[in-house]
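>>> Predicted model, plus sequence, below.
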Protein chains: 2
Amino acid sequence: MHHEHHLKSSDTIKDIVIGMADGLTVPFALAAGLSGAVDTTSIIVIAGIAEIAAGSIAMGLGGYLAGKTEQDHYNSEKKREYYEIEHLKHLEIEETKEFFANIGLSEELQEKATAEISQDKDKWVDFMMRYELGLEEPHSNAATKSAITIGLSYIAGGIIPLSPYLLIPNASTALNYSCIIALICLFVFGYFKSKVTGQPVWSGALKVTITGALAAGAAFGMARLINGH
Amino acid sequence: MHHEHHLKSSDTIKDIVIGMADGLTVPFALAAGLSGAVDTTSIIVIAGIAEIAAGSIAMGLGGYLAGKTEQDHYNSEKKREYYEIEHLKHLEIEETKEFFANIGLSEELQEKATAEISQDKDKWVDFMMRYELGLEEPHSNAATKSAITIGLSYIAGGIIPLSPYLLIPNASTALNYSCIIALICLFVFGYFKSKVTGQPVWSGALKVTITGALAAGAAFGMARLINGH
């Protein structure tokens, strides 16, 4: 079957991509920005680590809460559908017919298909959830795992371009190394991100790299501006 | 029709929520973190503005590229479906039958429904895009608008809790005001976010506020730790 070629990445890979995309970009850009305003690296390291702590928690916890909300939403909608096929059956019948009308079936087949599908309550509710409401059942425990994966990916991505500031006391020297490391990492990350999401790899790698460079450039420019250089 | 009560927020509101959720949290948390390590606010302001510049570009451009990728993906899959119903019709017929089998129709209705739906090529492709591949047609220009909305929302969210540091030279005094302002903003934002996404409003407001407080606490703690307090 050809549709197996539509590359669908796993939820874990998606979470790694989400966390690392921002993790590689924002702490790097912040550190680059501060390099335009201060001479020693100690304050840059503190700011960078504080940013990584804040960003990983905001994104990780954000991912957790989004996952929980999705689960709650799915469960409450499912309960509602069971209630409705019990107590408002005529309306649900109408809606099911409408679905078959919309995809282009004749009046006759709309009736017949609706009659068949409404015989098994569980199958009918599953059908309504997926095709009327467009909701997929979320994995259980997905929220916790997602939070941890996104948070750790943010930390991993953020630490790498910050490492020169940890080793080199002069800010502008550290900035040079950090830029080289960050741009290489962004390019490699963009390449693999494009690969797992089924996009053209080289243009994808370039897009991610340019995003990081622009963010760092803007942060550097703003910091210089405020600092009066 | 009861399903009009399923509150679906517009794409613009979703983008505002995406940008503002991080914008209200991360620059605030970074500034709070730096307050644990430095005494004057000038460096905090520079770091905060640099973070807002970096974050808004990373998120805005990230949103833009994600939107563009979605459009490209949709268009290439659509071309592929047209190619396939032309050249691999027997396979597409099988897949369409499979869809009707999966939702629970009898062998007879699977045949009939597939025969009807495969008569109009455009309708058939639309059906395959939506229900086999689960892809909705993205709005044109959505990517650019999305980028600007997310970026501006991040800036708007980021500036508010940073404002005390602009006005008050003492870091720990500014931190107190910033925390009060940020927690109020996070609570109000969480309330409206929950309202537009159809979640329980008070618990939603609390979740967003706690996320911000934890991020700020972690940033503060890390900064103090590195600074050797």
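Arrived safely. Residues are numbered from 1 along each chain as shown, chains lettered A, B, ... in the order given.
>>> Mind naming the longest helix for chain A?
In chain A, with assignment by DSSP state H, the single longest helix is helix A:42-87.
>>> So which elements touch that helix?
In terms of contacts (3 or more C-beta pairs under 8 Å, 6 or more residues apart in numbering or on different chains; DSSP states H and E), helix A:42-87 is packed against helix A:11-35, helix A:89-102, helix A:121-127, helix A:142-167, helix B:11-35, helix B:42-87, helix B:201-227. Just so you know, the C-beta spots here come from the backbone N, C-alpha and C atoms, and that holds for glycine as well.
>>> Just the mean pLDDT for stretch A:59-67, thanks.
The pLDDT scores in stretch A:59-67 average 84.
>>> Identify the residues contacting A:L167.
A:A174 (C-beta atoms under 8 Å, 6 or more residues apart in numbering or on different chains).
>>> Tell me how far it lies from B:G104.
63 Å (C-beta to C-beta, to the nearest Å).
>>> Confirm for me that A:K195 is in contact with A:F189.
No. At 10.6 Å, A:K195 does not count as touching A:F189 under the criterion of C-beta atoms under 8 Å.
>>> Low-confidence ranges, chain A, go.
For chain A, the stretches with pLDDT under 70 are A:1-9, A:229.
>>> where does A:L135 land in three-state SS?
What DSSP: H, G, I helix; E, B strand; the rest coil gives for A:L135 is coil.
>>> Please name the nearest non-neighbouring residue to it.
Excluding its sequence neighbours, the residue lying closest to A:L135 (C-beta to C-beta, 6 or more residues apart in numbering or on different chains) is A:M129, at 5.1 Å.
>>> show me what contacts the residue nearest the centre of chain A?
The centre of chain A sits closest to A:I18, judged by C-alpha atoms, centre = their mean, with a distance of 4.1 Å. With contacts defined as C-beta under 8 Å, 6+ apart, A:I18 is in contact with A:59, A:63, A:150, A:153.
>>> Reformat the residues you listed as a markdown table; add neighbour count.
Below are the contacts of A:I18 laid out as a markdown table (neighbours: other C-beta atoms under 10 Å in any protein chain shown):
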| residue | neighbour count |
| --- | --- |
| A:M59 | 27 |
| A:G63 | 24 |
| A:I150 | 29 |
| A:S153 | 24 |
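>>> Can you pick out the most distant pair from the residues you listed?
A:G63 and A:S153 (10.3 Å; C-beta to C-beta).
>>> tally of neighbours for A:V26?
For A:V26, the neighbour count with other C-beta atoms under 10 Å in any protein chain shown is 32.
>>> need the contact list for it.
Taking C-beta under 8 Å, 6+ apart, one finds A:51, A:55, A:158, A:215, B:26, B:51, B:54-55, B:58 in contact with A:V26.
>>> follow-up on the earlier one: for A:G63 and A:S153, list the residues in contact with both.
In terms of C-beta under 8 Å, 6+ apart, A:G63 and A:S153 are both contacted by the residues A:15, A:18.
>>> Distance from stretch A:163-179 to the middle of the chain?
With C-alpha atoms, centre = their mean, to the nearest Å as the basis, stretch A:163-179 stands 30 Å off its chain's centre.
>>> go on, stretch A:55-64?
Put simply, stretch A:55-64 sits 11 Å off its chain's centre (C-alpha atoms, centre = their mean).
>>> gap between the spatially closest residue to A:V38 that is not a sequence neighbour and A:T197?
Sequence neighbours aside, A:A171 is the residue nearest to A:V38 in space, at 6.0 Å (criterion: C-beta to C-beta, 6+ apart). According to C-beta to C-beta, A:A171 and A:T197 sit 36 Å apart.
>>> if you count what's nearby, which of these two comes out ahead?
A:A171 (23 against 17).
>>> Compute the distance between that one and A:I43, please.
9 Å.
>>> secondary structure element for the residue of chain A most remote from its centre?
Distance from the C-alpha centroid of chain A peaks at A:E108, with 43.7 Å (C-alpha atoms, centre = their mean). A:E108 is located in helix A:107-117, with elements delineated by DSSP states H and E.
>>> other SSEs contacting the host helix or strand of A:C185?
Assigned by DSSP H and E, A:C185 falls within helix A:171-197. Here helix A:171-197 touches helix A:11-35, helix A:142-167, helix A:201-227, going by 3+ C-beta pairs under 8 Å, 6+ apart.
>>> if we go to 10 Å?
Helix A:171-197 sits against helix A:11-35, helix A:42-87, helix A:142-167, helix A:201-227, helix B:42-87, with contacts defined as 3 or more C-beta pairs under 10 Å, 6 or more residues apart in numbering or on different chains; DSSP states H and E.
>>> Using CSV, lay out those helices together with distance to B:A31.
What follows is the helices and strands packed on helix A:171-197, written out as CSV (distance: least, C-beta to C-beta, whole Å):
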stretch, distance to B:A31
helix A:11-35, 12
helix A:42-87, 9
helix A:142-167, 18
helix A:201-227, 14
helix B:42-87, 5
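>>> Which positions within the helix holding A:C185 qualify as buried?
Within helix A:171-197, the residues that qualify as buried are A:171, A:174-175, A:178-179, A:181-183, A:185-187, A:189-194, A:197, counting by 16 or more other C-beta atoms under 10 Å in any protein chain shown.
>>> What residue, apart from its backbone neighbours, is nearest A:Q199 spatially?
B:T69 (5.9 Å).
>>> repeat for A:I52
Nearest residue to A:I52, sequence neighbours excluded (C-beta to C-beta, 6+ apart): A:G158, at 4.0 Å.
>>> what's around that neighbour, how many residues?
Count around A:G158 with other C-beta under 10 Å applied: 27.
>>> again, but for A:I52
Neighbours of A:I52 under the rule other C-beta under 10 Å: 27.
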